[in-house]
Each structure stands twice: as structure tokens, then as C-alpha cells.
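Enquirer: 3D model of this:
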Amino acid sequence: MSTGSTDGDGLGARIADYFDFAEYGTNLKTETIAGVTTFLAMAYIIVVNPSIIAPAIIGEYPPIEPGTTTTINGEIFTYGEVVQMLTVVTILASVIAILVMALYANRPFGLAPGMGLNAFFTFTVVLLLGVPWQVALAAVFVEGIVFIVLTAVGARRYIIELFPEPVKFAVGAGIGVFLLFLGFQEIQVVTGDPETLVTLGNVLESPVAAAGLAGLLLTLLLYARGVTGSIVIGILLTAAGAWLATIAGFVERGTITPSEGDVVTSVQYDFTPLVYEFVDGLGMITEDPLVFLLVVFTFFFVDFFDTAGTLIGVSQIGDFLDEDGNLPDIDEPLMADAVGTTAGAVMGTSTVTTYIESSTGVEEGGRTGFTALVVGVLFALSLVLVPVVTAIPTFATYIALVVVGIIMLQGVADIDWQDPSWAIAAGLTITIMPLTASIANGLAAGIISYPFIKLATGERRDVSAGQWVLAVAFIVYFAVYFSVQAGDFAF
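Expert: Residues are numbered from 1 along each chain as shown. You can find the predicted model right below:
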């Protein structure tokens, strides 16, 4: 692979020197393509996150009737205006976190408000438990502050290094299967079934499945031939094909392209009303401190292990891990999500975390923070190009997840399948992730099972006290989480 020396003199040379291109065996072109690929793979969050958080602010479960309004800081806003404010907030929170990742951690990872965590914020915490959305933002803010402190003293790194070896080496493959499942669902190759839960989608009846498979085949062929930027080329060509088919009248608008209502044409840039409401939320914490602490604990636990699992899994692709499966200087990328979460909460969005879609850029050769910087710049540009970003069909971006998911399966080769403790812990980690749609749950399964299997096989001395504490902590977490989900606590 080319080294930083190929970037010439002047600005390119200074960039190469700042991001240590030579050390990582990369160059400006490779890093740029990787950044574009990661951005395209995760740009959907610009549209999706606002649509998930907005119902919490409106105070209603979707679908929300057109013309619905709410009062924020004494002003009346329509649902559309709330979505537009949240679009800006989503972008800005992502940019802040990504800049820390790029310029401080020098890692090629993209960050944004986390999927799953945003749904928990809206549907469980706010709409089910009745916690005011302002207080929920305060809980996310407190979680972010705790993360900053723990990261600064090295506590997060210490906990992550306690993960059993088989779990560390299984995370990449587990995320790979998770990505495959998500990607195939989005392109409707895998669909729901009342008897078997999932089944094979009908390509002859589903235009999305037909277009998705065509785009996936094209992308896989480009990748197999070693075409530089194969994933981003596949996404763009698939999107272009979908729009051409729509314009030609083969399918109706909204079938394989975003509907007219899904493409943002104007943006409400002033999000300060959300900031004022967040400040009010800080003053409401004392109304029910027990529920507030439970919400903080749940946000903290899920975000902690989602981020840890993602960092380890994506780092495995980039060959960043040491011989023990640890990511050197992991505190630095961990600080990025801590700062992003804190800033995002102040502006009005849920927890910011590292994205598994970062694996698409790493697979394209991204190895340094310049890849992340490109992602951040593209997020910032999307403030004025939101309509262009939202015009890319979601299924087209998910093609990248399928391709990378296949690649990430190579991690299973590092697992000792003859050792029961490795096989069980790794097997559970890999399978529970996609089956429960949660990286954290997959980690939990492996972490909880490992010490008990070691105990059963007479190898209890191989398990440290910290690993037992981690296993018990997960058991306590699930007890609290299920209680919250059952609605045993209310604000």
C-alpha cells in the first residue's frame, strides 16, 4: 500500500505528517475515499434521528398528524420545524464528536447520535415512563460528564481490558453478522414472518429487494476486482439507478426513492429553544431523583458497552488491536463519544456513540483521523446540502453494511473453537448481537458466560476478580433494564 510520502509537498505533506500517514501506510486519496464511504454509510442518521427524537418533544407516538404543534420555550413550533431543528442538532453533535476523534484520537471512526439509544430515549424514557424530555436530556448530559471523568482517569480503558479474550476476538464477527442482518433487512432480502420471525423476501414482488440486490451484486463485483472506492461507487450508482427508474416511470416516487415528504427542502437552523429547555430540565432533576438515576444508569451502561464493542470490532478490521485484543490508547477515541454525548444533550439530542458503519471506511483503507475529519467535514457541509443527503435511498446505503459484514466474518478464524470457554463465550457473543439487535447484549452474553464456563471446567484461576465483577454488573443491569421496560418506575 502507498505511504504518506506519495502526498507530495505543501498542504498534502503537512496533512500526511500531522496524521502520521507513513506510520499507518496510507495516503491522502485513500483516507479521503474512506471518509466519503463512511459518511455515505451513516448519513441516514441525519434524517432518521430527528424522526425518532421529535415524537418525544411533541409528546405523541407516531404517526404524527400533519400540522401538529408543540410549545418550546414559550414559542409554538410545528412538527416539521421540530424535525428541522433536530436535523441541525444531529449534524452539529456528530461534527463535534468526530472532530475530537480526528484531531485528538487520530482514529478513522465516525460518530453520531446512536440508533437504539435514541429509540430508548423517546419511546421508553419519555413516552412510556413519562419522564419529561427536558429531564431525559439532562440524564444524557450527566452520562456524558461521567464518561468524560471516567475516560480521563483511565477507568473505561481498564474495564474494557477486562473483557475475556474470546469475547474481544468474537466482537468483530458478531458485528459482521449484525451488519449483514441489518443490511439484508433494509434491502428487503430478509423480511418479517409471523411463524418463523424472518424469511426470504420476494424479489419479484419487492422493487426495493430487486434494486438492492442489483446494487449489492454490482458492489461485490467491484470489490472483488479490487476497485478503489468500490463501496461508495456502489452506493452512488445504486442511488442513481433508483432515481432513473423513478423518473422513467417504472416505479412510483417513494417506492425505491425517498418520498417527497422525506426529502428535507428547508432547515430551521435556530435550535436555541431546545437549549433553553435543556437548562430547565437540569432544574427538574430533583422532582424524582430515583427514576432520574435509573435512566442515567441505563443510558450509561448501554452506551458504554455499545461503544466498546464497536471500537474493538472495527479496530479488528483495521488491524489496530494488540496481541491481547486491546486497542492501544483507547481512552482517546472514548473521549470523543463522551464529549459528543455531553454537547449533543445540551443541544437537544440523545447519546452520541461510535458507529459500526465506520467499518466501511476502514475496509476502504482508512487508518487515521483524516478519514474521520473527512466524515466530519461532509456532515458539516450537509447543513447546506441536507436535501442532497436525504435524496439518497436508505436501502442504497445499507448495501455497504452487507459488504462489510461479509468481510468482518474473518474474525472467527482467531477463535479457539476447541476450547469450551472460548467456543461458548465467543459463540454467544456472535449470535446474541444480531438476534437482539444490540452489540451490548452480545458482549453481555459472552462476559457473563465466560467465568461460569471456566468455573465448570475447573479453570476458575483463569478468571480475574474484575471479570466476575463485570459479569455480576451485567446481571444487575438486566434486572434494572427489565424493570424499567416493564414500567415499574414512573416519573
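Enquirer: if you count neighbours, what's buried in the helix or strand where residue 298 lies?
Expert: According to DSSP states H and E, residue 298 maps onto helix 289-317. Using 16 or more other Cβ atoms under 10 Å as the test for burial, helix 289-317 gives 291-292, 294-317. C-beta here means a position set from N, CA and C on the backbone, and glycine is covered the same way.
Enquirer: how about the strands of the stretch 251-400 of the chain, start to end?
Expert: Under the criterion DSSP state E, counting those that start in this stretch, the stretch 251-400 of the chain contains strands at 352-354.
Enquirer: which outside residues touch the helix or strand harbouring residue 159?
Expert: Here residue 159 sits within helix 155-161, counting by DSSP H and E. Identification of contacts with helix 155-161 by Cβ atoms under 8 Å, 6 or more residues apart in numbering yields 147, 150-151, 304, 308, 312, 324, 326-327, 330-331, 334, 466, 470.
Enquirer: ok, now with 10 Å
Expert: Under the criterion Cβ atoms under 10 Å, 6 or more residues apart in numbering, residues 146-147, 149-151, 154, 168, 304-305, 307-309, 311-312, 324-332, 334-335, 337-338, 443, 466, 469-470, 473 lie in contact with helix 155-161.
Enquirer: quick one: buried residues of it?
Expert: 156, 157, 159, 160.
Enquirer: repeat for stretch 64-78
Expert: 64, 68, 70, 72, 77.
Enquirer: so which of those residues sit within strands?
Expert: Using DSSP state E, the subset of those located in strands is 70, 72, 77.
Enquirer: so where's the protein shaky on pLDDT?
Expert: For the chain, the stretches with pLDDT under 70 are 1-9, 66, 261-266, 389-390, 484-485, 487-491.
Enquirer: in it, which residue is most central in space?
Expert: By Cα atoms, centre = their mean, the chain has its centre lying nearest to residue 355, at 3.1 Å.
Enquirer: which ones are touching that one?
Expert: Per Cβ under 10 Å, 6+ apart, neighbours of residue 355: 38, 41-42, 45, 94, 98, 109-115, 307, 310, 314, 337, 361, 375.
Enquirer: all helices for the stretch 251-400 of the chain, in order.
Expert: Ranges of helices in the stretch 251-400 of the chain, per DSSP state H, counting those that start in this stretch, are 272-283, 289-317, 331-347, 358-363, 369-381, 386-390, 394-408.
Enquirer: tabulate those in CSV, adding columns for distance to residue 130.
Expert: Listed next are those as CSV, based on distance: least, Cβ to Cβ, whole Å:
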stretch, distance to residue 130
helix 272-283, 14
helix 289-317, 9
helix 331-347, 19
helix 358-363, 35
helix 369-381, 33
helix 386-390, 32
helix 394-408, 31
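Enquirer: out of these, flag the one nearest residue 260.
Expert: Of all these, helix 386-390 sits nearest to residue 260, with 10.9 Å by Cβ to Cβ.
Enquirer: quick one: the helix or strand hosting residue 210 to chain centroid distance?
Expert: Secondary structure from DSSP H and E places residue 210 in helix 207-224. Using Cα atoms, centre = their mean, to the nearest Å, the distance from the centre of helix 207-224 to the centre of the chain it belongs to is 23 Å.
Enquirer: and that helix, what does it pack onto?
Expert: On a contact count with 3 or more Cβ pairs under 10 Å, 6 or more residues apart in numbering; DSSP states H and E, helix 207-224 meets helix 165-186, helix 230-247, helix 394-408.
Enquirer: if we use 6 Å, what do you get?
Expert: helix 230-247, helix 394-408 (3 or more Cβ pairs under 6 Å, 6 or more residues apart in numbering; DSSP states H and E).
Enquirer: which residues does it contact?
Expert: For helix 207-224, contacts defined as Cβ atoms under 6 Å, 6 or more residues apart in numbering pick out 187-189, 201, 203, 230, 233-234, 238, 242, 251, 255-256, 395, 399, 402-403.
Enquirer: if I pick the residue lying closest to residue 50 once chain neighbours are set aside, what's in contact with it?
Expert: Nearest non-adjacent residue to residue 50, counting by Cβ to Cβ, 6 or more residues apart in numbering: residue 86, 3.6 Å away. Counting by Cβ under 6 Å, 6+ apart, residue 86 touches 50, 53, 54.
Enquirer: hmm, the last one is touching residue 83, no?
Expert: Yes: under the criterion of Cβ atoms under 6 Å, residue 54 lies in contact with residue 83, with a separation of 5.0 Å.
Enquirer: find the residues that touch each one of the two.
Expert: With contacts defined as Cβ under 6 Å, 6+ apart, no residue is adjacent to both residue 54 and residue 83.
Enquirer: pull the number of nearby residues for residue 466.
Expert: The tally of other residues near residue 466 (other Cβ atoms under 10 Å) stands at 12.
Enquirer: tell me the SS of it?
Expert: At residue 466, secondary structure determined by DSSP: H, G, I helix; E, B strand; the rest coil is helix.
Enquirer: would you agree it is in contact with residue 162?
Expert: Yes: taking contacts as Cβ under 6 Å, residue 466 lies within contact range of residue 162: 4.4 Å.
Enquirer: please save the CA atoms from stretch 59-75 in PDB.
Expert: Provided in PDB are the C-alpha atoms of stretch 59-75 (Å, rounded to 0.1, in the frame of the first residue of the first chain):
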ATOM      1  CA  GLY A  59     -45.300  14.200  23.200                       C
ATOM      2  CA  GLU A  60     -47.100  11.800  20.900                       C
ATOM      3  CA  TYR A  61     -46.400   8.300  19.400                       C
ATOM      4  CA  PRO A  62     -46.000   8.300  15.600                       C
ATOM      5  CA  PRO A  63     -47.600   8.600  13.200                       C
ATOM      6  CA  ILE A  64     -48.000  12.300  14.000                       C
ATOM      7  CA  GLU A  65     -50.700  14.200  12.200                       C
ATOM      8  CA  PRO A  66     -49.700  17.000   9.800                       C
ATOM      9  CA  GLY A  67     -49.900  20.400  11.400                       C
ATOM     10  CA  THR A  68     -49.300  19.100  15.000                       C
ATOM     11  CA  THR A  69     -47.600  21.700  17.100                       C
ATOM     12  CA  THR A  70     -45.900  22.000  20.500                       C
ATOM     13  CA  THR A  71     -44.600  24.700  22.700                       C
ATOM     14  CA  ILE A  72     -40.900  25.000  23.200                       C
ATOM     15  CA  ASN A  73     -39.500  27.800  25.400                       C
ATOM     16  CA  GLY A  74     -42.800  29.700  25.100                       C
ATOM     17  CA  GLU A  75     -42.900  29.500  21.300                       C
END
